[in-house]
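# give me the fold of what follows.
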Amino acid sequence: MLENPLEVVEWGLDKHYLSDLDAYGIPIVPTYFVEPKATDAIGELKDFFDRYPRSREFVVKPSVGAYSRDVLRFTRDQLWDEEKHVAALHRLGAVALIQPYLGSIEVLGETDLIFFNGSFSHAIRKGALLDADGTVNAPTANFRQSRMPGDDEIALATDALIATGKIVSEISELLYARVDLVKDDAGNPILLEMEISEPLLSLPFCEGSADRFAQAISERFKAYQRLELISV
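I've put the predicted structure just below:
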């Protein structure tokens, strides 16, 4: 049984959803997509650099992916290397996504907030996975630890989930969702990505989280039982 609606899952598989959330007013990490049909990838990369002159590093990755696969970090003067990576992604049939690499990630990491049935359950701090030398670290246990997010982070994550329901379908709440946030240069939380299609919920790192997830599933089944009784 698929608990999160299929149309929401499909929407959440491709990071083009960031554009939808941005248009809805959710603050996101600045994101630009270089489509495979692009005839001047170098020109598009330079244009993106010009929009963010204070950013010294950038990340290039596919719009559909997982576990940091094909995600690389570049400096501003590695334009041709970035173009090569974009071309490699295009040859695979992927859309390339480019974002500034935010310095706060080196100090604060990212904050992943997990929700069950629309309510905040727990959060972790995920350490920086992309090293300056090009190393891409797997998101193993040593990069994650429990963290209590700020009220502003919980509010933003909640707004992002509400926006998802408005954009994709009129849903009241998702069984599970993960909202990944980072801090911008001013210290404000912004959305890096959302995971509503894969249940990597960091349960081992937060006491009581597995019980809360089990309770959320139980509440779902009880709701189905009530509906069946009403229909009868």
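
# can we go C-alpha only for contacts and neighbour counts from here?
Noted.

# run the chain-centre distance for the longest helix seen in the chain.
Scanning the chain for the helix with the most residues, using DSSP state H, yields helix 209-231. The chain centroid and the centroid of helix 209-231 are separated by 27 Å, computed with CA atoms, centre = their mean, to the nearest Å.

# other SSEs contacting the strand or helix carrying Ala87?
Assigning secondary structure by DSSP states H and E places Ala87 in helix 79-91. Here helix 79-91 touches helix 41-51, strand 57-62, strand 96-100, going by 3 or more CA pairs under 8 Å, 6 or more residues apart in numbering; DSSP states H and E.

# which residues are contacting it?
Contacts of helix 79-91 from elsewhere in the structure, counted by CA atoms under 8 Å, 6 or more residues apart in numbering, are 34-36, 41-42, 45-46, 60, 62, 74, 95-96.

# 7 Å instead, please
By CA atoms under 7 Å, 6 or more residues apart in numbering, the surrounding residues in contact with helix 79-91 are 36, 41-42, 62, 74, 95-96.

# in the longest helix of the chain, what counts as buried?
With burial defined by 16 or more other CA atoms under 10 Å, the residues of helix 209-231 counted as buried are 209-210, 212-213, 216-217.

# Ser63 against Ala96, yeah?
Yes: with the criterion set as CA atoms under 7 Å, Ser63 and Ala96 qualify as a contacting pair; they are 6.0 Å apart.

# gap between Pro53 and Arg76?
Using CA to CA, to the nearest Å, Pro53 is found at 10 Å from Arg76.

# cool, and Ser119?
Where Arg76 is concerned, Ser119 sits at a distance of 40 Å (CA to CA).

# and Leu18, which of the helices and strands packed on helix 79-91 is closest to it?
strand 96-100 (10.7 Å; CA to CA).

# contacting residues around that closest one?
By CA under 7 Å, 6+ apart, the surrounding residues in contact with strand 96-100 are 29-35, 55, 57-63, 86, 89.
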